[in-house]
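Participant: here is a sequence with its predicted model. Questions after.
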Amino acid sequence: MVITTIQLNENVKKALDRLKLNKETYEEIILNLMDIAEKNKREQKKLLIEGYKEMAEESLRTAKEWEGTLMDGLDKNEKWQR
């Protein structure tokens, strides 16, 4: 295992210190934060997919409601002015 040293701004170190539970190492804190970030990313992706599915279903329902109504009673030869 290779161990490296990283430089942190004093404010970052203090923020990490505030996150410490008991005698956690900085590595453990960072790994926990990375795990939380990954879980949040997966949850956000899941919510976006669900939202897009709902939007697609609503769009399909609306399209079905309007299906066939555009030509009802309209003269195909009628010219519309802008």
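Facilitator: Yep, it's here. Keep in mind that this is a model prediction, so the values were computed, not measured.

Participant: surely Leu8 meets Leu16?
Facilitator: Yes. Counting by CB atoms under 8 Å, Leu8 sits close enough to Leu16 to count as a contact (7.5 Å). To be clear about C-beta, it is placed using only N, CA and C from the backbone, and glycine gets the same treatment.

Participant: between these two, who's got more neighbours?
Facilitator: When Leu8 and Leu16 are compared for neighbours, Leu16 comes out ahead with 15 against 11, by other CB atoms under 10 Å.

Participant: packing partners of the helix or strand hosting the more buried one?
Facilitator: Taking DSSP states H and E as the definition, Leu16 sits inside helix 10-19. For helix 10-19, the contact count by 3 or more CB pairs under 8 Å, 6 or more residues apart in numbering; DSSP states H and E identifies helix 26-66 as packing neighbours.

Participant: rewinding a little: gap between the helix holding Leu16 and the chain center?
Facilitator: 28 Å (CA atoms, centre = their mean, to the nearest Å).

Participant: quick one: average pLDDT of that helix?
Facilitator: Computed over helix 10-19, the mean pLDDT rounds to 95.

Participant: between that helix and helix 26-66, how many degrees?
Facilitator: What separates the directions of helix 10-19 and helix 26-66 is an angle of 90 degrees, with axes from the mean of the first three to the mean of the last three CA atoms, to 10 degrees.
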